[in-house]
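K.L.:
Kindly return the folded structure for what I paste below:
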Amino acid sequence: MTNEKRLLERAGLRGVDGVIASLSKGKGPAALHQAADHAQALFEQAGGQQRADA
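P.N.:
Residues are numbered from 1 along each chain as shown. Next up, the predicted model:
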């Protein structure tokens with residue numbers, strides 16, 4: 001596992017890899033919109049975990 005992946009995992013953002021991968025599979029604005037929604041949900045969840053850990 002690379003250092004980058006470890007950092008993403010510690011931040012609760014390991015799922016970002018899946019969001020990026022989904023962009024190469026999808027076509028058009030709908031795929032981009034779905035990826036953005038997924039990324040936003042990941043960031044919100046990670047932010048909540050960070051506050052709970054503090």
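
K.L.:
Please count neighbours and contacts with C-alpha atoms only from this point.
P.N.:
Will do.

K.L.:
Now do the buried residues in stretch 10-29.
P.N.:
12-14, 16, 19, 23 (16 or more other Cα atoms under 10 Å).

K.L.:
Pull the most distant pair out of the residues you listed.
P.N.:
Gly12 and Leu23 (20.3 Å; Cα to Cα).

K.L.:
Not counting its neighbours along the chain, what's nearest the residue nearest the centre of the chain?
P.N.:
Geometric centre of the chain, nearest residue: Val16, 2.8 Å, by Cα atoms, centre = their mean. Of all residues not flanking Val16 in the chain, Ala39 sits nearest, at 6.7 Å (Cα to Cα, 6 or more residues apart in numbering).

K.L.:
and that neighbour, how many neighbours does it have?
P.N.:
Using other Cα atoms under 10 Å, Ala39 has 19 other residues around it.

K.L.:
what do you get for Leu7?
P.N.:
Using other Cα under 10 Å: Leu7 sits among 12 other residues.
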